[in-house]
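> structure for this input, please:
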Amino acid sequence: MSLNRRLRSLPIALAGLVLALAAIGFALPASAAPTISPHFAVYNLTLGKSSGGSGSVAHARGRIEFQWSEGCDGWTVSQRTRLILTSSQGEEFQSGWTLKAWESKDGLSYRFSIRRLENDAAVEETEGKAKLDGSGKGGRVVYTAPEAREMALPEGTLFPTQHSFELLAAAGRNELLLWRTVFDATGGDALFGVNAALGRAISADTPPAFDSPLIQGQPSWRMRLAYFNDDEQQSEPDHEQMQRIYANGVVDELQFEYPDFALNASLERLEALPPPDCPGG
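Residues are numbered from 1 along each chain as shown. A predicted model of the protein is given here:
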């Protein structure tokens, strides 16, 4: 099978993993009031490892431009990704994605717009909105593109930011595992079972991989997130993500793992964004 066909589902999956990264913006320890650090970050993508053999990924290069900003009533994630993969036989696969998502601060409303490109031509657009009936309850997704349709969300579904609340709260309690059902709209029905393996806290005295005052002196945690297709019984995840997350939500060490290869995302630029100017705030 050609590299193009084998990796056709990769772009949306990668966008979803970065979206999960974006939502993590609440500081620990749990005894402290939550804080957030809206920011703009640029990551350089390279090949981490490959299975080898005929048709395997031999080279990868790309870039993720990522912005996570806070509004008075919710959080907005904007992402632009460019990825070029080359097989051991010289076949090249070029993909790009733009993503914009908004989630309300109560975790019950979610809007999304995703555009996927191959060889600089748009091949798919996904837009819509989702609503939960309450905390811990189910809800519905209404898609407006690529076609009008609706989908039910089961009880216990979380949107990405609310999932991140629970991840960091679990890390603050020194829990080691957390399983949740998450909807992020990044491909297919985009309802994933996410199994998180949480590491112990890394001291704020441990220097970050990227030199920036935004993350210096911040405690951090290593997490491994395994994404399972929620409507199938799987013994192995579709994809996994490893990251070092700082208490203010910034990630400076990131890896995406797929069955045949892995991508490393190295932070090369980081800027703080201003907080919102909210009435009474």
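> okay, CA-based contacts and neighbour counts for the rest of this
Will do.
> mean confidence (pLDDT) on stretch 201-219, please.
For stretch 201-219, mean pLDDT rounds to 90.
> actually, stretch 74-90.
Averaging pLDDT along stretch 74-90 yields 90.
> buried set for that stretch?
74-87 (16 or more other CA atoms under 10 Å).
> which one is Ser220 nearest to, not counting chain neighbours?
Of all residues not flanking Ser220 in the chain, Tyr246 sits nearest, at 4.1 Å (CA to CA, 6 or more residues apart in numbering).
> give me the neighbour count for that neighbour.
Other residues lying near Tyr246 total 28 when counted by other CA atoms under 10 Å.
> follow-up on the earlier one: can you tell me which of the buried residues of stretch 74-90 is nearest Ser50?
Nearest to Ser50 among the buried residues of stretch 74-90, counting by CA to CA, is Ser87 at 10.1 Å.
> was I right to think that closest one contacts Ser56?
Yes - applying CA atoms under 8 Å, one finds Ser87 in contact with Ser56, separated by 5.3 Å.
> and the gap between Val251 and Phe66?
11 Å (CA to CA, to the nearest Å).
> which one's more surrounded, those two?
When Val251 is set against Phe66 and neighbours are counted by other CA under 10 Å, the residue ahead is Val251, at 27 against 22.
> dump the residue contacts of that one.
Counting by CA atoms under 8 Å, 6 or more residues apart in numbering, Val251 makes contact with Leu21, Gln243, Arg244, Ile245, Leu267.
> now do the closest residue to Ser51 other than its chain neighbours against Ala148, distance only.
In space, and not counting its chain neighbours, Ser51 is closest to Asp260: 5.2 Å by CA to CA, 6+ apart. With distances taken as CA to CA, Asp260 is found 34 Å from Ala148.
> do Ala101 as well
Ala101 is 18 Å from Ala148, by CA to CA.
> what about these two, which has more around it?
Shown here are Ala101 and Ala148; by other CA under 10 Å, Ala101 has more neighbours (22 against 10).
> who does that one form a beta bridge with?
Val77, Phe112 (DSSP bridges).
> with Glu65 instead?
Val42, Arg80.
> for it, what are its contacts?
Contacts of Glu65 by CA under 8 Å, 6+ apart are Phe40, Ala41, Val42, Tyr43, Gln79, Arg80, Thr81.
> which non-adjacent residue is nearest the last one?
Going back to what we said before, that points to Thr81. Closest to Thr81 by CA to CA, 6+ apart is Ile64, at 4.4 Å.
> how many neighbouring residues does the one you found have?
23.
> now stretch 247-259: buried residues?
In stretch 247-259, counting by 16+ other CA under 10 Å, buried: Ala247, Asn248, Gly249, Val250, Val251, Asp252, Glu253, Leu254, Gln255, Phe256, Glu257, Tyr258.
> for that stretch, the distance to its chain's centre please.
9 Å (CA atoms, centre = their mean, to the nearest Å).
> got CSV for the contacts of Glu65, with distance to Lys129 too?
Listed next are the contacts of Glu65 as CSV, based on distance: CA to CA, whole Å:
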residue, distance to Lys129
Phe40, 24
Ala41, 26
Val42, 27
Tyr43, 28
Gln79, 18
Arg80, 20
Thr81, 22
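> and of those, the nearest to Ser203?
Lowest distance from Ser203 to the contacts of Glu65 (CA to CA) belongs to Ala41, with 22.9 Å.
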